[in-house]
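Q: Model the following, please.
(one chain, ligands or ions: 1)
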Amino acid sequence: MKPLIAGNWKMNGLQAARAEVEALIEKFAGAAPADRDVLICPPATLVAQFAERYSDEGVQIGAQDCHALAGGAHTGDISAEMLADAGAAYVIVGHSERRADHGESDETVRAKAEAALRAGLTPIICVGETREQREAGTAFDVVGAQLKGSLPNGGAPFVVAYEPVWAIGTGLTPSLADIGAMHDFIRSKTPEGARILYGGSVKPENAEEILAINNVNGALVGGASLKADDFHPIIAAAPGEM
Ligand code: PGA
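A: Numbering: from 1, shown residues only. Predicted coordinates:
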């Protein structure tokens with residue numbers, strides 16, 4: 001399975017951030033290696049421009065959210081069809097920050113994932129437990145319920161990202177054994193061919209050991225995807241020929 005290394009820029013990135021993507025491409029000596037998928041999900045304001053400039057250099061562009069409907073009276077929202085039209089190839093759905101800040105339910109996340117597939121995008125569907133749930137020993141139940149409620153019906157191509165909420169932006173990560181156990185569990189509940197990413201404080205220092213775990217098929221990287229100097233070594237750490 002080809003690893004996918006995805007950068008989630010969240011609400012960061014003005015025009016000047018192009019310099020970081022260009023620096024990244026320069027580090028690849030012109031084009032990202034073909035044995036891994038490299039994805040950047042900038043804010044929606046930059047999707048069309050980045051897709052036009054960088055898709056030929058092997059850096060795919062994705063969005064961070066979409067509406068479930070194709071169009072209509074939904075001020076401020078962006079549909080999956082619009083993102084595809086802007087050149088996006090992927091869209092993140094159900095990130096824990098959207099589940100928390102916007103009250104997105106599993107049902108909403110599934111509708112968004114199905115919208116992405118309808119529009120020809122690959123959804124990256126996020127799941128993950130909170131610290132309280134981990135400490136209470138319910139992490140597998142929580143993630144199992146999120147998978148049951150959020151994954152699209154049918155075996156269409158999608159990506160799952162396991163992101164423990166307590167590991168996002170905190171510098172904390174689960175033990176390698178805990179990541180492996182959760183990824184094995186997710187694999188048992190996910191159609192063959194769906195890649196399973198780990199996300200939450202992935203850094204140049206821990207990327208290689210995390211990406212080497214069985215059933216970890218890539219990473220979803222927040223803070224460390226904003227700078228080429230940090231993101232490049234994470235991409236390079238994915239198993240492959242590079
Ligand atoms: P982080 O974020 O790498 O900054 O922890 C990951 C994410 O939220 O996708």
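
Q: and the closest residue to the ligand within the chain, how many neighbours?
A: Scanning the chain for the residue nearest the ligand gives G222, at 2.2 Å (criterion: C-beta to the nearest ligand atom). The way it works is simple: take the backbone N, C-alpha and C, and place the C-beta from them, glycine included. Using other C-beta atoms under 10 Å, G222 has 22 neighbouring residues.

Q: Now for the closest residue to it other than its chain neighbours, how many residues are close by?
A: If the residues on either side of it in the chain are set aside, G222 comes closest to N8, at 5.1 Å by C-beta to C-beta, 6 or more residues apart in numbering. Residues lying near N8 (other C-beta under 10 Å) number 26.

Q: Pull the contacting residues for N8.
A: Counting by C-beta atoms under 8 Å, 6 or more residues apart in numbering, N8 makes contact with 41, 64, 92, 95, 199, 220-222, 225.

Q: re the thing from before, my guess is the residue of the chain closest to the ligand contacts I168, does it?
A: Yes - between G222 and I168 there is a contact under C-beta atoms under 8 Å: 6.6 Å.

Q: The ligand contacts on this structure?
A: Within the chain, the positions near the ligand by C-beta under 6 Å from any ligand atom are 8, 163, 168-169, 199-202, 220-224.

Q: taking those residues one by one, which sit in helices?
A: Counting by DSSP state H, none of the members of the residues of the chain next to the ligand fall within helices.

Q: would CSV of those with distance to G72 and pLDDT be doable?
A: As requested, those are exported to CSV (distance: C-beta to C-beta, whole Å; pLDDT from 0 to 100):
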residue, distance to G72, pLDDT
N8, 27, 98
E163, 30, 98
I168, 32, 98
G169, 34, 96
G199, 31, 98
G200, 35, 98
S201, 38, 98
V202, 37, 98
L220, 30, 98
V221, 33, 98
G222, 31, 98
G223, 35, 98
A224, 37, 98
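
Q: Now do the same contact list for N214.
A: Here N214 is in contact with 180, 183-184 (criterion: C-beta under 8 Å, 6+ apart).

Q: SS state for it?
A: For N214, the assignment made with DSSP: H, G, I helix; E, B strand; the rest coil gives coil.

Q: what do you get for I179?
A: Per three-state DSSP, the secondary structure class of I179 is helix.

Q: what residue lies at the spatial centre of the chain?
A: L220 (4.4 Å; C-alpha atoms, centre = their mean).

Q: can you give me the end-to-end distance of stretch 46-64?
A: Using C-alpha to C-alpha, to the nearest Å, one end of stretch 46-64 lies 11 Å from the other.

Q: ditto for stretch 11-19
A: Start-to-end, stretch 11-19 (C-alpha to C-alpha) is 17 Å.

Q: And stretch 213-224, by the same measure?
A: End to end - C-alpha to C-alpha - stretch 213-224 spans 20 Å.

Q: quick one on the thing from earlier: between the residues of the chain next to the ligand, which is closest to D35?
A: V221 (18.3 Å; C-beta to C-beta).

Q: Hmm, that closest one is touching G7, no?
A: Yes - V221 lies in contact with G7 (C-beta under 8 Å); the separation is 5.3 Å.

Q: and for those two, which residues touch both?
A: Taking C-beta under 8 Å, 6+ apart as the criterion, V221 and G7 both touch F231.

Q: hmm, back to that, mutual contacts of G222 and I168, please.
A: Contacts common to G222 and I168, judged by C-beta under 8 Å, 6+ apart, are G199.

Q: which residues touch the closest residue to N12 other than its chain neighbours?
A: Distance criterion C-beta to C-beta, 6+ apart; nearest residue to N12, sequence neighbours excluded, is L226 at 6.0 Å. By C-beta under 8 Å, 6+ apart, L226 lies in contact with 7, 9, 12-13, 17, 20.
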